[in-house]
Every structure is written in C-alpha cells, then in structure tokens.
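1. Need coordinates for the following:
(2 chains)
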Amino acid sequence: MTRPSQSSTTEPHDIVVLEGVTKRFPGVVANDSVDLRIRSGEVHVLLGENGAGKSTLIGMLSGLQQPDEGRILVDGRPTPITSPRHALSLGIGTVFQHMMLVPTLTVAENLLLGGPWWQRPRIGQLEARVAEITKSLNITVRLHAKVSELSLGEQQQVEILRAMVRNSRLLILDESTSMLTPQGIEELGALMRRLVEQGLAIVFITHKLKEAAAFGDRISVLKLGRKVGEITPPRLKFLGEKAAITEIVEMMFGKQTDDPEAERHAGSFAKPDAAPLLQVRDLSVAPMADSPGLSSVSFDIRPGEILGIAGIDGNGQKQLAEALSGQLATTGGSVELDGRSIDAMDVGQRRAAGLRYLTDDRLGEGTVGTFPVSINFFLKQVGEEPFWRRGFEQRGEIDSRAGELVREYDVRTPSLKTPVGRLSGGNIQKVLLARELADGARVVIFNKPTYGLDLANTLASRQRIRDTAARGLAILLISTDLEELLSMCDRIAVIANGRLVGDVQNEDDVRTTVGRMMVGVAA
Amino acid sequence: MSVEATGPAEATAVDSTPAPAGGGFVHRLLMAIGPILAALVLAGAILLAVGVDPLTYYGTVLQRGLLSPLGIQQTLTRMAPLLFVAAGLIVAFRAGMWNLGGDGQFLLGAVTAAASAPLLVEVLPGWMALPIAFVLATAVAMIWSLVPALLRAYQGVNEIITTLMMTFLGTSLANVLVKLVFLDPATTVPQTRTLPVEDRLPRLFDTTITSGLIFGLVAIIAVHLMMTRTAFGLKLRIVGANPRAAIHAGLGVPKLTVAVFALSAGLVGLGGAVDIVGVQGNVRADWNPAYGMAVIPAVFLARMNGFAAIGFVFLLSVLSIGGESAARRVGVPNTFTLVLVAIVLVMLALAEYFDHRHNQSRKA
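-> The predicted structure follows:
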C-alpha cells in the first residue's frame, strides 16, 4: 500500500505477467497455458466468447482462484495471489461485471467499506483523496448520494474510484460496458484513456469487437481457454479500426491448422424434397430481466437435416430450446412436428411425440446428481411401463434397460448405482444422450452438446449427433462454437438478441459471414 | 477412465470409495455413536453446572422411560402420534419442502377428532365412527395446509415462513375452537367433550399401549415405501433434490407441491386425531404438546429414512417420558430433553463436517 498509484509514468513496464498459466476444473480446461503481459500505460483488451476463459483468468488475477500450472509475476517477481485482499494490497483492483456496491449506502460509505473495523471511518481523509483523484480524472462523484440514486454509469465510476482510492495500479474491468448506454460506454472509454495516461494498467474484458478496437492499446484473443492471438499497440495503430476488426474476427473464428476438431462438413443426410419434420413459425417469448426473449423466430428442419444455431451465448439460445421443448411459455407463434401442431402439448407430451431436448445444463437441470445413474436414464419417464407398474418401481426392468444403455452409449461408470454427479462431464453427457435419443426420438434439440467436454468426448458426441441425423431425425444444433457448427450442419442460422438474423447454407465461404453476424458486424 | 470396463457387472468392482468394507462399518458406527456420547457428556456438563448429578438424571430417564414396565408402555404409547408426525415430515422434507407448521396441523387434527368422535360414537358403531373422525381430522389439516401450499406452488413464497406463521394461527384457532365452539358444557375447565374410554382405540393385549402405535408404524413404513419404491415418491424426490430437473423432466411441480403439503399436513393431523382418540380422549384449550417441532430433529437424525426414524422416534419417546419423570424426581425441567436432542444434532453435524474435511484433505 506504500507505493503511490501515480508511479513515474515515463517508462511503461510490466506490472503483471502470466507465464503458461493453466487452470482446470472437473472436465474442463478453463485456461490452457496462457501467457499475458499487462503493462502500465496500456489498455489491454481481453476478447473472447463466453467460455473462452476470460472469467477464470480474472479470477486468478484477483486472487479468487489459483492457477494449477504456470506462474504469475508481479513487478517481475513470482507472486502467488492468494486472496482478493492480497490482490488489492498488490495494487490489483477489479470491477466486476455485476455491480458490487451496497445500494442503500451512500457513495462515501461504500468507499469506506472494508476498512479496519476498530477505526472510525475517516470521511475527511477520504474526501481529500477522492477530490484529488476525481480532479485528475476530470469526473464528478457525489460522495453523499445514495448508490441506488446513481445511474449505472455513475455506479461504475464509483467502482473505479473505489479501486483508485485503494491505490490500484492495475484495474480490471470485467464486461463493464454490458449494462451501459452508448453514451456511458463512450465516457468509460475516455476515462480509461485518462487512467492509463496516469500510468495505470487496465485490463478490459469484452466480447464487443468495436469497443476492443476503439479503446484498446493491445488486444489478446482467448478461445476455448487458449490464447489464440495478440495485436500489439504498434500493429493496432497501423491497422486502424476496420482492419483490426477483420483480423480479430479471423482470430476468433478462423480455422486453426493444428486444431484436431476442425473437420469439414462431410456429406449430408438431409432429404431436400422431404416435407419438414419440424416447422417453427413466428415463435415469440417475452423478454425477461436476464434474457432477450425471442422475437418471431421461424425455421424448418427436414428429416436428416442438421440446422445449426450460431451466436454469442445469452442471445436467446436457451429460450429457443426451452420454448420448443415446452418448458417456457411462449407469447406467440406455432410449432408443428411432422405436420401436427404441438403448441398445446406440455413437456411430457412433446417428448412422447418425439421431440427431445438435450440440455446444456447437465447437472443443473439435466440430471439429479445425487440419484443413481440408472434412475437418471428414466427421469423423463417416471411412472411409465415397463419400468413402473401400477406406480411401483420395477427395479429389474430399470437395471436391465439401464445396463443396455450403459453398454450401447459407452457410459463409463463404476456401477449403475453410482450417483450420476460423480461421473465426468463426458459420461454425464452420454447418459443424457442415451436418455434423449433412445426410443422414439424424431426431432432432437442439442444445446451446446460438447460444451466443457474433452476432445475424445467431444468427438464422440459429434459422431453420435451425425448418426442421429443419418437415422433420419431432424436436428437443431445450438452451439457457441462456430467450428462445431461448420463441421456438422447443413445450414447455419445466427441468433442475436432473440432474433434469427440469417440462415445460410454451410458452404465454403460461410465461416466469415457467420462470424461477422455473430459479433454484430454486418456481413 | 479409458480402461474401465463398461458393463455394469464387471464394473461394480471399481467403486471409487477407497475404504475397505470392514473399516467402513467401524467408521460408520463411530460416526453414529461418537457424537451421541459427546452430546451426553456436554449435556452432563450443563446438568453439573446447574447442580444436578448427570448420572442420576440419565439413570432416572433410562429407568422411567425404558426399563420399568410402565415406563416402556408409556414410551410406546407416546410413539403413536410422533410416528405420524415423523411420517408427515418425511414426505415434505424429502420433497424439499420445509413444513414447519406441524404443531398447528396437529392441533387442528386433534380438535377435529375431539369434536367429532364423541358425537359419532353416539350414532354409529365404533369401527365406523373412529375412521370417520380420522378422515375428518386429516381433511381439516389438509385444508389448513392449502394456504402455504398454494403460495409456494404458484407464487414461490418461502414455505418456511408461511408454515411457521400458519402454525401460530393454527394453535390459536384450535384454542378458540375449544373454548367457543366445542366446549364441553359439563366441565368448568375449557375442554372438549371427553370420548369414553371404552370407545377409544383398543389397547394392545393386556398392556396400556395404544393400538395407535400399530397405525403409526404402518403409516411411516408406508410413507417410506412410497418415497423409495413408487413413481409418485420418485417424482417428489426429484422435486426435492433438483427442482429445475423436475421442470426439465416435465413434472407438474405446482400440483406435486400441493400434494406434498396435503399429504404431509394430513399425516400430521391424523397423528393428532390418533393421540386424541387413542389416549387423551379430549382436548384442553391450553394443550399443545409441540410434537411438530420436537420430531424435526429425529427426522433429520434419521436422514429422512422411515425405518431409522422409527428408531429415533423411539429414542425421543424414551427421553420425553423419562424426562417427564425426571422433572418430578430430579427437578430438571422436561424441556431439557429437547436441549439434549439439540446437542446431539449439533454434534452429529459437527462430526459430519469434520469427516468431510478429513476426506477432502485426504483426497488432495
């Protein structure tokens, strides 16, 4: 805490360096040997889709998580950042995506939170310090206003101010623009500029390319936990905004030569002249606080056809899947399965009619983690013959059918009685695949079917989906992984803000078209 | 992972629990007995602090609650209503719904039975009158549970709060009903008409044990089998273990919620009726045994397993019958049994916590 925040600004130097940092979670490699230099006087933009590993990286920088491999250097010395408090004392301040202010307290009270409990809050000292900072940054902050009275942009300034009051030298802004108005975003950009001019380092996390190109000095792109590219300040200046965006799109969605998952879309099982098996017309869902809803979504899927839904996570993918499966009430539109309207059917009836939904939230809603594997195969058939007779469980029938499914779908489980939550992500996925694909499936919705799986299980799941299409089923494949969609789908539609913004055949040049539609840059 | 056998038969050997079978049993036994011993020692220390010899107290409790012929008969009789309450709580807790309104439901069931049974036996033969009283008591308790059930099912209102509030209303309503509506004009104490002893539930053989014990055992075992063996029970358990999975699987969660509350409250109310028709004979206005709360720890200790709950309800009965005697003889208030049960619960939770920590550190 002794170092002044406005350290000499003459020479940019590395404040924090990550070397080969790897972080694993059960079944997922969140960060795979990431190298990153964070220099004073620079806005370092971290770009990547959801699941690219941005949050984990911030978690490690702010002391919430520790890397499994690699090391973090602070001022050139290897330093394990053991806790958020430790990170603060090292001068690393984080402004998280969701506001972390107490709305019922005043700005000053919020700024004083976290001080030693045995001391009286030192308001006078704070006021002097805040005046000094706000003056140099050319912002105004009403110290005695209640936080709940401030706009989101103002609250964000308070959060930044809080980090500054604590002498931060490195400021991490996690998706800070996601809740701001366009004007608020501009102001934040200008504020970041003034902060780095004072010698601070800023890590700015976003998935909006325009902001990255407009505000960043250096841009690093993360993809599936790996750092796939970096644009240095001189190069960024040289490229200009437009060319920089093109280059970033190429990095984020471009094909990598050493990527074993990348394979061409080989052959189609679609029957072009067959009548559509699933017809969706003007499907609408009301928007909610945390989701955009759906507006007038329409598409057809023929037998054997795989329709991909591309898009950045959180643009209505889950709502689409849930509206089709019957889990979510719609506000309009119609869905027909093989020419029969299923609008009036509930979840169970839709399943019986052959519509299956393989959820992406395997443990959250797909399975009951504490229940045995065998029961989880039949969660959607509770009470049905022959597994239950007159309401009574037929353990023999359940176990013998579960045994068949375990063999057929190659579920690696110690026993049928093992709680499903103890299996790896890949094996839980196999349980779900078995449950949804067995017995009478006709249309299957896959929501991010390979999310968080290792390579072997990813490839196995994709093969399973292809086999399903080969059987003549209609497939809706929702994924945030463009590579996956390119290798699997007959057609790709892009969803943005609850709206389908394009529907293109999967042909040679489709990659960039879809990529640009995904990030909101017109094709 | 890749070398594991895929067939279930061969794969059973590759279980992930590292402890050998014998060690596992000893370990489980230690985990069950250790905390109880620790609780007895701690409770003993409290007794010492208030100037009572713990050995005398424990001795009296054991003697009067378990070892003396009269004591054990009273204990077994006490079990009847407790078993019904436990059965009701198991249904709710396993479905993830915290019905803490047992006392209100119990008393309303009891008052209904106390009001209807004496009238019914005058016009109907006993084998018909008592079941009708039971059905009425069950129905009233079920209706009483509708408010928290509907609020939880359709508005998402936390049932812990609503059932607790409803229990205050329920006990007051029961009190009012006794004083104003079902008052026995023949007595000066505010109480309902008394069911003649010969019309009550028969006693077992030549003892004073009520046959309600048998009904209670049947109820709790039936509930246990329902929860573990039937499709309906599985649906309730899915709702309890992962409500989002229940929605995903297409279960009608609101309807199941209402069913759970009805079943739970119905069983608790039936417990009240059995206690009245079997043992008490009437309801005094100030009568509130608070079984609904007392049974909660027993159900938790049994981990909501019906058979284990029988054991813990037995223990609770021994403690409460023995504790009542000890209150008179040793001068320790009989609520001390609740203190003892609470300490056992805390000790078990602590044991579990440290065991979990130990396992984690061994894995790391």
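
2. The stretch 151-300 of chain B against chain A: which residues are in contact?
-> For the stretch 151-300 of chain B, the residues in contact with chain A (Cβ under 8 Å from any Cβ of the partner chain) are B:229-232, B:234-235, B:237-238, B:241-242, B:244-245, B:247-252. No exception for glycine: its C-beta is placed from N, CA and C like everyone else's.

3. mind checking the SS state of residue B:74?
-> Following DSSP: H, G, I helix; E, B strand; the rest coil, we place residue B:74 in the helix state.

4. That one and residue B:341, how far apart?
-> Distance from residue B:74 to residue B:341, counting by Cβ to Cβ, to the nearest Å: 18 Å.

5. residues in contact with the residue in chain B that chain A sits nearest to?
-> Closest to chain A within chain B is residue B:250: 3.0 Å, counting by Cβ to the nearest Cβ. Neighbouring residues of residue B:250 by Cβ atoms under 8 Å, 6 or more residues apart in numbering or on different chains: A:326-327, A:346-348, A:351, A:380.

6. How many neighbouring residues does the residue nearest to residue B:101 when sequence neighbours are not counted have?
-> Nearest non-adjacent residue to residue B:101, counting by Cβ to Cβ, 6 or more residues apart in numbering or on different chains: residue B:163, 3.3 Å away. Residue B:163: 30 surrounding residues under other Cβ atoms under 10 Å in any protein chain shown.

7. again with residue A:424
-> Neighbour count of residue A:424, defined by other Cβ under 10 Å: 16.

8. ok, which stretches of the stretch 301-450 of chain A are helices?
-> In the stretch 301-450 of chain A, the helices defined using DSSP state H, counting those that start in this stretch lie at A:317-325, A:347-352, A:373-376, A:395-408, A:425-437.

9. and the first one, which residues are buried?
-> Neighbour-count burial for helix A:317-325, counted by 16 or more other Cβ atoms under 10 Å in any protein chain shown, picks out A:317-325.

10. In contact with the residue in the stretch 251-400 of chain A that chain B sits nearest to, which residues are there?
-> Per Cβ to the nearest Cβ, residue A:347 is where the stretch 251-400 of chain A lies closest to chain B, at 3.0 Å. By Cβ under 8 Å, 6+ apart, the residues touching residue A:347 are A:325-327, B:247-250.

11. Can you tell me the element residue A:55 falls in?
-> Here residue A:55 sits within helix A:54-61, counting by DSSP states H and E.

12. which residues sit against that helix?
-> By Cβ under 8 Å, 6+ apart, the residues outside helix A:54-61 that reach it are A:16, A:18, A:21, A:23, A:30-31, A:34, A:36, A:46, A:48, A:65-67, A:72, A:81, A:87, A:92, A:94, A:170, A:172, A:174, A:203, A:205, A:222, A:225.

13. which among these end up buried?
-> Buried, going by 16+ other Cβ under 10 Å: A:16, A:18, A:21, A:23, A:30-31, A:34, A:36, A:46, A:48, A:65, A:67, A:72, A:81, A:87, A:92, A:94, A:170, A:172, A:174, A:203, A:205, A:222, A:225, out of the contacts of helix A:54-61.

14. among those, which are in helices?
-> residue A:87 (DSSP state H).

15. which helix in chain A runs the most residues?
-> Taking DSSP H as the criterion, chain A has its longest helix at helix A:233-253.

16. Residues touching the next helix or strand after it, excluding its own?
-> Using DSSP H and E, the next helix or strand after helix A:233-253 towards the C-terminus is strand A:278-285. Applying Cβ under 8 Å, 6+ apart, the contact partners of strand A:278-285 are A:293-301, A:316, A:319-320, A:323-324, A:328-337, A:339, A:355, A:443, A:474, A:476, A:498.

17. Take those and keep only those in strands.
-> Under the assignment DSSP state E, the contacts of strand A:278-285 contribute A:294-301, A:332-337, A:355, A:443, A:474, A:476 to strands.

18. what's the closest non-adjacent residue to residue B:116?
-> Spatial nearest neighbour of residue B:116, chain neighbours left out: residue B:133 (4.8 Å); criterion: Cβ to Cβ, 6+ apart.
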